[in-house]
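A.B. asks: generate a structure from the sequence data that follows.
(one chain, ligands or ions: 2)
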Amino acid sequence: MGAPRFELGSRPICHLTPRSNSNQVIPSPQKRTIFDLKFNLLYMSYETIVGRTKEDYQKFGNKATGYIGKHIVGTGEDAHLTTKVFLDLLKPHVILISGKRGSGKSYSAAVILEEFLSLPEEFRQKMAFVVFDPVGIYWSMKFPNDSQSKLLDDWQLQPKGFDAIKVYVPEKQLADYEKADIPVDGTISISLRDLTADDFILAFNLERTGELAIALEKNFNSLLESNKNFSIDDLIDSITGDPKAKKETKDALTSLLDVLSQWGIIKTEGNRVSELIKPGEAVIFDFSRLKSQEVRTLVSGLITREILHQRIISRKEEELAKIGGEKLSMKFPLTWLVFEEAHNFVPADRDVSSSDDIKRIAKEGREPGIGLICITQMPSKVHQDVISQTDTVISFRLTSRDDLQALHSVMQTYIQEELEKFVNRLPRQSGAAIILDDNLEKIFTVNIRPRLSWHSGGTAVLV
Ligand SMILES: Nc1ncnc2c1ncn2[C@@H]1O[C@H](COP(=O)(O)OP(=O)(O)OP(=O)(O)O)[C@@H](O)[C@H]1O
Ligand SMILES: [Mg+2]
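C.D. replies: Ligands and ions are numbered 1, 2, ... in the order given. Now for the predicted structure:
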């Protein structure tokens, strides 16, 4: 049986998914306004799978879904929790998590990660999550959430740490993590050869047709063409020996490249990113102690590009295996990318070195099987190419009109005032959010469930 859909007036509110295949009689939408109470009771007995279309529900039922929270019904003092809300993890989605400071964004992203890590093996072993963490909070998922055990108890859940959370940090900062007792699984570095001249131009914010960009591009490309391994120092030597470049150009590029070299993350021979990403695991690239945002975007862009590349190759082989009737073997797992502070990695008003790679994932990730989760306090500051491809929004309270407008552009069918009403009416409790599901054109309120694992991103208090 397909999942029935209800409409409140002209406003689609919920795609309700039966908990079981019972033969419950569903009232028609017209009768709904008359039988509010009856509807509420019915509403409470159905579960929702965000992002799963009716067709997919008919095909897959509730396989590979993650339990992210419960419906909130009613407002103000009447607000109460009802049925469970799940998230579709079978297919890649583009998800935006927005809300004011301290509203629960990182917390809910971690809930999604926990659900991936709790999937049955047959699904988990085909997937991986990669988190770009400039804040330095996801490592704590290795530990159980003992600080909210009472709340977890109320939700009939138990604290749990996850061993499949793997934390990679830049080599130069490794000692700092060890000093702070933060468990680390390895270091990350990238190969100079894997970058393009464009990456440098964007990272250094150079004018494309300016002398600096031209000298950099020429020397970098000639080293690439030499087919030999080279270091940042070799690049500096090549530029300083360039007879056509002016002294000021050489000095400026040398100092930019010196700074880059000091971060120690770009090497002659870096890690193979594909070797760090393993099926069934969530890899956290913790860049919180790498203070240069330019280097963070440079590295994140490159990793994103490499993942897309690996998935395109893998997808071709998977198709060939399917055509040949062989068992599906996956060279590289279906990957979800999570960007904390997404407005810095794919900003609305300028290009940074990760911009194109993230936009490409948003636009083309569906086919190779790459999901994207962008977390931001300011959705209006995230590039429109990502916003327009977003199919699911989880939003906590937002006050700026520009930010509400940005959410509105995800779901054009929905009138702005209605959206504002939904957001403003959110109960002032931790974890209360609206979900906009563009797959099913619905909007509703949820309370994100408490985390099983330790959350290290809470508000600092004096006592
Ligand atoms: N679903 C929830 N259940 C219980 N508590 C929650 C929930 N969501 C958030 N909280 C509480 O709110 C605090 C802040 O959440 P979180 O760190 O996710 O905020 P944020 O939106 O990411 O903020 P920032 O923009 O500053 O990064 C958490 O430390 C936690 O105590
Ligand atoms: Mg946060």
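A.B. asks: end-to-end on stretch 434-442?
C.D. replies: 10 Å (Cα to Cα, to the nearest Å).
A.B. asks: and the next element down the chain from the longest helix seen in the chain?
C.D. replies: Secondary structure of the chain per DSSP state H: the longest helix is helix 293-323. Later in the chain than helix 293-323, the nearest helix or strand by DSSP states H and E is strand 334-339.
A.B. asks: phi and psi next, for the residue in the chain positioned nearest to ligand 1.
C.D. replies: Per Cβ to the nearest ligand atom, Gly431 is where the chain lies closest to ligand 1, at 2.4 Å. No exception for glycine: its C-beta is placed from N, CA and C like everyone else's. Per-residue torsions, Gly431: phi 90, psi 0 (degrees, to the nearest 10).
A.B. asks: check the one 4 residues further on too.
C.D. replies: Listed backbone geometry of Ile435 is phi -120, psi 130, with angles given as degrees, to the nearest 10.
A.B. asks: residue ranges with poor pLDDT in this protein?
C.D. replies: 1-46, 413-414, 458-463 (pLDDT under 70).
A.B. asks: skipping adjacent residues, who's closest to the residue of the stretch 351-463 of the chain at minimum distance from ligand 2 in space?
C.D. replies: Across the stretch 351-463 of the chain, no residue is closer to ligand 2 than Gly457, which sits at 4.9 Å (Cβ to the ion). Distance criterion Cβ to Cβ, 6 or more residues apart in numbering; nearest residue to Gly457, sequence neighbours excluded, is Ile137 at 3.8 Å.
A.B. asks: go ahead and confirm the one you found touches Tyr107.
C.D. replies: No - with contact defined as Cβ atoms under 8 Å, Ile137 and Tyr107 do not form a contacting pair (9.5 Å).
A.B. asks: now do the shared contacts for the two.
C.D. replies: Both Ile137 and Tyr107 are in contact with His455, Gly457, where contact means Cβ atoms under 8 Å, 6 or more residues apart in numbering.
A.B. asks: and what about Ser106, helix, strand or coil?
C.D. replies: helix (DSSP: H, G, I helix; E, B strand; the rest coil).
A.B. asks: distance of it relative to Asn344?
C.D. replies: As defined by Cβ to Cβ, to the nearest Å, Ser106 lies at a distance of 15 Å from Asn344.
A.B. asks: ligand 2 contacts on the chain?
C.D. replies: Ser106, Gly457 (Cβ under 5 Å from the ion).
A.B. asks: which parts of the chain sit against ligand 1?
C.D. replies: Residues of the chain lying close to ligand 1 (Cβ under 6 Å from any ligand atom) are 99, 101-107, 377, 430-431, 448, 450, 455, 457-458.
A.B. asks: for those residues, which one is nearest Val283?
C.D. replies: Set against Val283, the nearest of these by Cβ to Cβ is Ser106 (16.7 Å).
A.B. asks: which helices and strands sit right next to the helix or strand harbouring Val167?
C.D. replies: Using DSSP H and E, Val167 falls within strand 165-170. Under the contact criterion of 3 or more Cβ pairs under 8 Å, 6 or more residues apart in numbering; DSSP states H and E, strand 165-170 touches strand 186-188, strand 282-286.
A.B. asks: ok, and what's touching the longest one?
C.D. replies: Contacts with strand 282-286, where a contact means Cβ under 8 Å, 6+ apart, come from 113, 116-117, 128-133, 136, 138-139, 141, 162, 164-169, 177, 184, 188, 276-277, 299-300, 303.
A.B. asks: 7 Å instead, please
C.D. replies: 113, 116-117, 128-133, 136, 138-139, 164-169, 188, 276-277, 303 (Cβ atoms under 7 Å, 6 or more residues apart in numbering).
A.B. asks: just the buried ones from the residues you listed?
C.D. replies: Taking 16 or more other Cβ atoms under 10 Å as the criterion, what is buried in the contacts of strand 282-286 is 113, 116-117, 128-133, 136, 138-139, 164-169, 188, 276-277, 303.
A.B. asks: I'm done for today, thanks for sticking with me.
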